[in-house]
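K.L.:
model the following, please.
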Amino acid sequence: MVKPKTPVKAPERRHNAGILDIRNIIGALLGLYGLILLTMAVFTDNRGTLTEDVDANLWAGLALVAAAAAFIIWARVRPVKVPEVPESEKG
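P.N.:
You can find the predicted model right below:
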């Protein structure tokens, strides 16, 4: 008795999400806002009485740049794999 052949599936091909990974987008936005705050800290002398002469723009900018670096490094170290859809299965 001969068994009917079952179709063999091609191995699933995958690629990285790249720029569309949400961690890259969040990292870019946090980095942009951090750079804006760092620029304001460097080019203005705007230490208010509410912060007791602490440059809040400087520290917030540094924190945002560090968070942005963490997000971008995380996306590079553990990228999201997206399966490719073969041409035969596209609608």
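K.L.:
OK, contacts around Trp64?
P.N.:
Actually, residue 64 is Leu. It isn't Trp. Going by Cβ atoms under 8 Å, 6 or more residues apart in numbering, Leu64 touches 30-31, 33-34, 37. Just so you know, the C-beta spots here come from the backbone N, C-alpha and C atoms, and that holds for glycine as well.
K.L.:
need the three-state assignment for the spatially most central residue of the chain.
P.N.:
The centroid of the chain falls nearest to Asn24 when counting by Cα atoms, centre = their mean (1.8 Å). Using DSSP: H, G, I helix; E, B strand; the rest coil, the structure places Asn24 in helix.
K.L.:
for this protein, just list every one of the strands.
P.N.:
14-16, 81-83 (DSSP state E).
K.L.:
mean pLDDT for those: which is lowest?
P.N.:
Of all the strands of the chain, the minimum mean pLDDT falls on strand 14-16 (a mean of 68).
K.L.:
lowest-pLDDT helix or strand in the protein?
P.N.:
The weakest-scoring helix or strand in the chain, judged by mean pLDDT, DSSP states H and E, is strand 14-16 (a mean of 68).
K.L.:
before we move on, the earlier item: does the residue nearest to the centre of the chain touch Phe71 like I think?
P.N.:
Yes. Assessed by Cβ atoms under 8 Å, Asn24 is found in contact with Phe71 at 7.5 Å.
K.L.:
so, low pLDDT: which residues of the protein?
P.N.:
Counting by pLDDT under 70, the ranges of the chain that qualify are 1, 7-15, 17, 19, 47-50, 86-91.
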